[in-house]
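Novice: Here is a sequence with its predicted model. Questions after.
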Amino acid sequence: MAKSKFEYVRLFETEDRLIPNCWIVVRIDGKAFHRFTDSHHYMKPNDERGLNLMTRAAQNVMEDFKDIVIAYGQSDEFSFVFHKNTNIYNRRGSKMMTNVVSLFSSSFTMLWPRYFSTQDLQYAPTFDARVVLYPSDQNLKDYLSWRQADCHINNLYNTCFWKLVQERGHTPAQAQERLKGTLSSDKNELLYSDFKINYNNLPELFRKGTILIRCKEGVSGDTKPTTDGRQMTLVGNHVHTKARPSTVVLHTDLIGKQFWEDNLDILGPRPK
Ligand SMILES: Nc1nc2c(ncn2[C@@H]2O[C@H](COP(=O)(O)OP(=O)(O)OP(=O)(O)O)[C@@H](O)[C@H]2O)c(=O)[nH]1
Ligand SMILES: [Mg+2]
C-alpha cells in the first residue's frame, strides 16, 4: 500500500531503548497519597489493608511480566526489577514503565473492595513511575537497601510521631518539635520508656516492607505467610497465594548479605 503523505510524522517519534546489560528498575509511587490515605481513613502510621493491597497489585504485575525477578514495596511505592538481559518491548523504557504503572493502578483499583470492604473508593488513585538503570549487581543491591532503609527510618519516625499525637495528646507541631534532632537510638528509647514498645517487636511488614520473589517449588527458603489468610496456601516450603502462585511474599532483610546468599538465582541468568 502506498504511503500517505502524512507518514513522515512518524519521524518525530524518538527511540528510548534502554542500554543493554543493566538492571532495569521501574518504581511506581502513589500520587498525593498523603491526601488519598486521609480521605480513605487509613490507619496511622501503617494500614495493613492498604499495604496488602499494594502487594497484591504488585503480584498482578509480576504475574504479567515474567522478566521481573524481584519487587520491593513500602508505603505507597513499589520497585520492580527487570532482569538485566530482558528483551521485553525491545527494552523500550516508556513502554515498560507505562505498562507496569498502568497495570498496577488498575489492579489497585479493581482489588480495592477485597481489602477495604467497608468503604468505597472515593476517587481514582494515581501512581507515577520512573525507570532507573543499575549497571552492577552491587548497585542494584544498594538501591534495594536504600529503599528498605527509607522504610525503616520513616516507620520509626512515624511510629513515634503518632504515639505522641494519639496517646500523649501532642499536636502535630509539638510531636514534630519533640522529635527534631533525635537519633534512631533516641526514638527507640522514647518508644520503650514512654510507651513500653520494643520497636523490634513491631510487625516486619511495617519495619521492613515487602519483598516479592518467584516461587521455587521444592526449594527451601525463608518465607513468611501473607497476612491475607484467606488466600494462603503452602507449596513445598513456600507460602504463597492461591490466586497468584508464582510469587512469594517476604518481609525480611534485603540489607546485608544473607538474603542474596539465600536467593542466588535472582541475579543469575535470565529464567526461560
Ligand atoms: N495513614 C497512612 N498513610 C500512609 C500509609 N502508607 C502511605 N501513607 C501516606 O502516603 C505518603 C507517601 O509519601 P510520599 O509518596 O512521599 O507523599 P505523597 O503524598 O504520595 O506525595 P507524592 O508522591 O509526591 O505525590 C505518606 O507520607 C503517608 O502520608 C499508611 O499505611 N497509612
Ligand atoms: Mg507518593
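Specialist: Nice, thanks for sending it over. Ligands and ions are numbered 1, 2, ... in the order given.

Novice: any idea whether the closest residue to ligand 1 within the stretch 101-250 of the chain is helix, strand or coil?
Specialist: Closest approach of the stretch 101-250 of the chain to ligand 1 (C-beta to the nearest ligand atom) occurs at Asp128, with a separation of 6.9 Å. Placement of C-beta: from N, CA and C, glycine included. Look at Asp128: counting by DSSP: H, G, I helix; E, B strand; the rest coil, its state is strand.

Novice: what number of residues lie near Met156?
Specialist: Careful, residue 156 is Leu; it's not Met. 22 (other C-beta atoms under 10 Å).

Novice: if we can go back for a sec, wait, the residue of the stretch 101-250 of the chain closest to ligand 1 touches Ala32, no?
Specialist: No: with contact defined as C-beta atoms under 8 Å, Asp128 does not count as touching Ala32 (10.1 Å).

Novice: Return the residues of this structure in contact with ligand 2.
Specialist: Asp29, Gly30, Phe33, Asp76 (C-beta under 5 Å from the ion).

Novice: Kindly present these as a markdown table, with separate columns for pLDDT and distance to Tyr199.
Specialist: Listed next are the residues of the chain next to ligand 2 as a markdown table, based on pLDDT from 0 to 100; distance: C-beta to C-beta, whole Å:
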| residue | pLDDT | distance to Tyr199 |
| --- | --- | --- |
| Asp29 | 98 | 25 |
| Gly30 | 98 | 25 |
| Phe33 | 98 | 24 |
| Asp76 | 98 | 22 |
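
Novice: Where helices are concerned, which of these count?
Specialist: Judged by DSSP state H, helices contain the following of those: Phe33.

Novice: quick check, nearest of the residues of the chain next to ligand 2 to Leu191?
Specialist: Relative to Leu191, the closest of these is Asp76; by C-beta to C-beta it sits at 23.8 Å.

Novice: How much space separates the closest one from Arg147?
Specialist: 12 Å (C-beta to C-beta, to the nearest Å).

Novice: Same check on Met62?
Specialist: In terms of C-beta to C-beta, Met62 sits 17 Å off from Arg147.

Novice: Those two: who's more crowded?
Specialist: Neighbours were counted for Met62 and for Arg147 using other C-beta under 10 Å; Met62 has more, 22 against 19.

Novice: and the two most separated of the residues of the chain next to ligand 2?
Specialist: Pairwise distances across these peak at 8.0 Å for Asp29 and Phe33 (criterion: C-beta to C-beta).

Novice: and the two? which has more neighbours close in?
Specialist: Between Asp29 and Phe33, counting by other C-beta under 10 Å, Phe33 is the more crowded of the two (19 against 16).

Novice: Kindly report the residues of the stretch 1-150 of the chain close to ligand 1.
Specialist: 29-34, 37, 42-47, 50-51, 75-76 (C-beta under 6 Å from any ligand atom).

Novice: Sitting in strands, which of these do you find?
Specialist: Using DSSP state E to define strands, the subset of those located there is Asp29, Gly30.

Novice: which of the residues of the stretch 1-150 of the chain next to ligand 1 are buried?
Specialist: Neighbour counting with 16 or more other C-beta atoms under 10 Å marks Asp29, Gly30, Phe33, Thr37, Tyr42, Pro45, Asn46, Asp47, Gly50, Leu51, Ser75, Asp76 as buried within those.

Novice: From those, pick the one nearest Phe161.
Specialist: Among those, and counting by C-beta to C-beta, the member closest to Phe161 is Pro45, at 7.2 Å.

Novice: Leaving out the residues flanking it, which one is nearest to the closest one?
Specialist: Beyond its immediate neighbours in the sequence, the residue positioned closest to Pro45 (C-beta to C-beta, 6 or more residues apart in numbering) is Asn158, lying 3.4 Å away.

Novice: And Tyr89, by the same measure?
Specialist: Lys95 (4.0 Å).

Novice: Just give me the residue closest to the centre of the chain.
Specialist: The centre of the chain sits closest to Gly73, judged by C-alpha atoms, centre = their mean, with a distance of 1.4 Å.

Novice: What helix or strand is that residue located in?
Specialist: Assigned by DSSP states H and E, Gly73 belongs to strand 68-74.

Novice: Quick one: list the elements packing against whichever helix or strand comes after that strand.
Specialist: Sequence-wise, the next helix or strand downstream of strand 68-74 (DSSP H and E) is strand 77-82. Counting contacts by 3 or more C-beta pairs under 8 Å, 6 or more residues apart in numbering; DSSP states H and E, strand 77-82 packs against strand 23-30, helix 48-64, strand 68-74, helix 93-115, helix 137-167.
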